[in-house]
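In: predicted model and sequence below, questions to follow.
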Amino acid sequence: MTTQLPPRPPEGVVMWNLNTTCNYRCSYCTQRFLDDRTRWARDTPRFLEGFRRLPGRWEIKLSGGEPFLHPTLMEVVAALAKMGHRVSVVTNFSASVDKLDHFLAAAGSALRVFSASLHREYVSTDEALAQFLEKARYVLSRLPAGATFNVTCVATRANLPELPALAQHFAAAGIRFKVQPEKQNRDVIPYTVEEQAQLVTLGGHNDLGVIAPSFEGQPCWAGALAFTLDDRGAAWRCYPARRYRREYLGNFLDSTFQLYDLARPCQYAYCNCTVPIERGMMASLGRRGG
């Protein structure tokens with residue numbers, strides 16, 4: 001395992017869960033045990049002011065809950081683009097084509113990654129899957145130069161038998177398809193050896209080639225050039241840090257927020273968020289952004 005300091009990334013990334021609200025209740029959702037599934041970031045002006053204070057250019061990766069249910073999403077996206085930041089989004093893809101058009105217009109050339117989650121508990125029929133694919137092609141055809149589109153699907157045991165066919169289905173349409181291992185109680189479920197082999201054949205966690213990435217002890221720029229942010233303004237170094245309530249960076253909306261100066265060693269045996277990995281925050285497994 002390398003301990004070499006990775007090069008300083010050219011831009012930072014904020015992983016912002018701007019609401020807990022969601023119109024889905026997937027059985028495998030990692031947020032299904034939250035006490036309040038109706039919260040959303042209510043003080044848009046103060047959040048935007050916080051993003052104006054960030055040094056340099058950042059990619060603001062919007063997720064939830066379901067971000068397209070946030071009442072000021074378009075205002076937020078348009079303002080971030082005007083600031084010179086880049087915008088990415090993770091969505092369950094249930095929004096109407098009209099709302100997707102408004103989002104694409106608000107983001108404009110600032111859009112970096114559009115990630116659509118395929119939830120088979122809600123897209124369960126051949127007709128629904130065809131509609132999902134048609135909508136995916138529509139968004140793909142309207143991406144600005146340099147932006148990417150992908151579809152992700154959680155590898156539940158019920159989904160596993162159909163994932164190879166789904167991967168081929170989307171590949172034939174020119175759409176990148178990524179699988180994500182199912183997690184229960186913070187950790188990847190105990191897949192069998194055969195299931196693990198199938199997951200690796202499908203690319204592993206978000207196409208990283210492994211099922212449960214570990215970078216413990218390796219220098220990572222998360223905390224300095226990457227952080228997670230919730231709808232109340234709480235900022236943590238990364239998702240594992242937030243999960244274990246360690247490496248708190250303060251509240252993004254006031255003077256308590258403070259970034260690290262340099263990369264620091266990862267403190268976690270399992271990295272459940274691939275964003276820092278894919279954005280080159282670590283010396284190894286820096287893969288395609290998406």
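Out: Nice, I can see it.
In: excluding chain neighbours, what is closest to the most centrally placed residue in the chain?
Out: When the chain is reduced to its mean C-alpha position, the nearest residue by Cα atoms, centre = their mean turns out to be Val90, at 5.5 Å. Distances taken as Cβ to Cβ, 6 or more residues apart in numbering place Ser63 nearest to Val90, at 4.0 Å, with adjacent residues excluded. Every C-beta, even on glycine, is put in place using the N, C-alpha and C of the backbone.
In: give me the number of neighbouring residues for that neighbour.
Out: By the measure other Cβ atoms under 10 Å, the count of residues near Ser63 is 19.
In: does it touch Met15 like I think?
Out: Yes: if you go by Cβ atoms under 8 Å, Ser63 and Met15 touch, sitting 7.1 Å apart.
In: ok, which stretches of this protein are strands?
Out: 12-17, 58-63, 86-91, 111-117, 148-155, 176-181, 183-184, 187-188, 219-220, 226-229, 234-236, 248-251, 264-265 (DSSP state E).
In: need those in TSV (columns: distance to Glu278 and mean pLDDT).
Out: What follows is those, written out as TSV (distance: least, Cβ to Cβ, whole Å; pLDDT from 0 to 100):
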stretch	distance to Glu278	mean pLDDT
strand 12-17	9	96
strand 58-63	11	97
strand 86-91	11	98
strand 111-117	9	97
strand 148-155	11	96
strand 176-181	10	94
strand 183-184	18	86
strand 187-188	18	90
strand 219-220	13	94
strand 226-229	11	97
strand 234-236	19	97
strand 248-251	21	98
strand 264-265	19	94
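In: so who does the residue nearest to the centre of the chain touch?
Out: With contact taken as Cβ atoms under 8 Å, 6 or more residues apart in numbering, Val90 is in contact with 61-64, 67, 115, 117.
In: who does it bridge with?
Out: Listed by DSSP bridges, the beta-bridge partners for Val90 are Ser115.
In: related to what we said a few turns ago, which of the strands of the chain sits closest to Ala78?
Out: strand 86-91 (9.4 Å; Cβ to Cβ).
In: and the contacts of Val90, which is closest to Met282?
Out: For the contacts of Val90, the nearest to Met282 is Lys61 (16.9 Å; Cβ to Cβ).
In: for the closest residue to the closest one other than its chain neighbours, the count of nearby residues, please.
Out: Here the nearest residue to Lys61 in space, its sequence neighbours aside, is Ser88; by Cβ to Cβ, 6+ apart that works out to 4.3 Å. Summarising burial for Ser88: neighbours were counted as other Cβ under 10 Å, giving 25.
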